[in-house]
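> Quick one: sequence plus predicted model below, questions after.
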Protein chains: 2
Amino acid sequence: MEASQHEDPPLNDKAPPSPAEPAETAPCTKALASLYARPGFKLRRAHQVSLSVFAEECRAFEVTTTQYGILVALRERPRMDQIGVAQALGLDRSTTGMVVGLLEARNLLQRSRHETDRRRRVLTLTPQGEALLEAIGPAAERARCRLLEPLSEEQARMLGELLDTLLEYHDRRVRVPLMRTEG
Amino acid sequence: MEASQHEDPPLNDKAPPSPAEPAETAPCTKALASLYARPGFKLRRAHQVSLSVFAEECRAFEVTTTQYGILVALRERPRMDQIGVAQALGLDRSTTGMVVGLLEARNLLQRSRHETDRRRRVLTLTPQGEALLEAIGPAAERARCRLLEPLSEEQARMLGELLDTLLEYHDRRVRVPLMRTEG
DNA sequence: ATCCAATAGTAAGACGTCTGTCAATATATT
DNA sequence: AATATATTGACAGACGTCTTACTATTGGAT
């Protein structure tokens, strides 16, 4: 209840006040070019930007991208257990447990025991969780659009495909693969 | 000195029981399609993969991508202060301070006071830091190559350009822009 | 010389993420 | 049935990341 008056994104107009920085130690932009060229560096930055844009657009709802992902997953597939959520989103078990705990504490989902397998915690959206998902939709969509704003439709499609190619290849080699299990 | 017997990457052969995964029968695969299609989701995954590949290739050196970035930055521009490092890498002041503290604790860099401006902490690589950078080079290069393995040279270039376009546009709008300090 | 705004850095807290380890429970093997 | 193995989830620890608030210091304005 402390976020209501923030219509405009900060826009960060204070960042480069005067290009004429003394830069006593740095005569070089070129020096770090090898670092900036690393795909991993760009992916870190891109992810950082993506989080930032989502956070700005969805600030009023106080949910992160990960929390949003878990809620969406539960809307699409009610009564998944934590492992199912983890595999569906490519998250660690521990990560999932922690974030689910946060969502439960905010009463956005409920964690109950599986009837026959008592190891499992069955997850269900609460009415509040469903309401939040309903309400956050446009903001999430705005975030997606704003992220892709500098790209043409063709470029956005291309970027998506390239990332898909990358991910499909590495998926199985990483410790936390995406399991598009039907369940 | 507890990492020496792990020549081959885990390869995670236990993940998908049947490689010929029929992604068509699953009605629930479709359910999360809207989530999987989000560029933010792909970027999170891609970043995750990137970290994982780097960690595997560079495991023997016990450095993360962020630590590696800071070390490289200091090699290229000795005697930067923490703010300079933060701006060069697009990191938060706090993040930078924390990671620099870790590197200092491992004696990979030295943190001294600026002569005339005593607020600043001037950072310098120690011989150990330089040696580590020297030694890690091939592994970092392997990580880069492995990450891009599924892409053709043309595709990798394209991906890099698309990410550049994305980042250039958002750079100033994000709270932590990249300051290619030179002037 | 004094005061104030800006800057460098730290501290505390929160979340995301992974690694390990451990307990409880389920399942498979004998 | 009894034991061995696998799985779910929790907990602890570590690192990365951002936010907010605070201290110390600098530098400029009066």
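Received, thanks.
> Surely residue A:135 and residue A:61 touch.
Yes - under the criterion of CB atoms under 8 Å, residue A:135 makes contact with residue A:61 at 7.0 Å. From N, CA and C alone the C-beta is placed, and that goes for glycine too.
> Which one's more surrounded, the two?
residue A:61 (16 against 12; other CB atoms under 10 Å in any protein chain shown).
> what's the burial count for the residue nearest to the more buried one when sequence neighbours are not counted?
Nearest residue to residue A:61, sequence neighbours excluded (CB to CB, 6 or more residues apart in numbering or on different chains): residue A:136, at 4.9 Å. Residues contacting residue A:136 under the criterion other CB under 10 Å number 19.
> which residues of chain A fall in strands?
Ranges of strands in chain A, per DSSP state E, are A:109-113, A:121-125.
> Let's have those strands in a markdown table, adding mean neighbour count and distance to residue B:151.
Putting the strands of chain A into a markdown table (neighbours: other CB atoms under 10 Å in any protein chain shown; distance: least, CB to CB, whole Å) gives the following:
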| stretch | mean neighbour count | distance to residue B:151 |
| --- | --- | --- |
| strand A:109-113 | 15 | 38 |
| strand A:121-125 | 19 | 36 |
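> Reformat those as JSON lines; add mean pLDDT.
Formatted as JSON lines, those follow (pLDDT from 0 to 100):
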{"stretch": "strand A:109-113", "mean pLDDT": "95"}
{"stretch": "strand A:121-125", "mean pLDDT": "96"}
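> quick one: which of those strands is nearest DNA strand D?
strand A:121-125 (3.8 Å; CB to the nearest atom of the strand).
> got the angle for that closest one vs strand A:109-113?
Taking axes from the mean of the first three to the mean of the last three CA atoms, to 10 degrees, one finds that strand A:121-125 is oriented at 150 degrees with respect to strand A:109-113.
> does DNA strand D sit close to strand A:121-125?
Yes - taking CB under 7 Å from any atom of the strand as the criterion, strand A:121-125 and DNA strand D are in contact, through residue A:121.
> For the longest helix along chain A, buried residues please.
The single longest helix within chain A, with elements called by DSSP state H, is helix A:127-148. Of the residues in helix A:127-148, A:129, A:130, A:132, A:133, A:136, A:139, A:140, A:143, A:144, A:146, A:147, A:148 count as buried by neighbour count, 16 or more other CB atoms under 10 Å in any protein chain shown.
> quick check, nearest of these to residue B:96?
For the buried residues of helix A:127-148, the minimum distance to residue B:96 (CB to CB) is 25.0 Å, reached by residue A:147.
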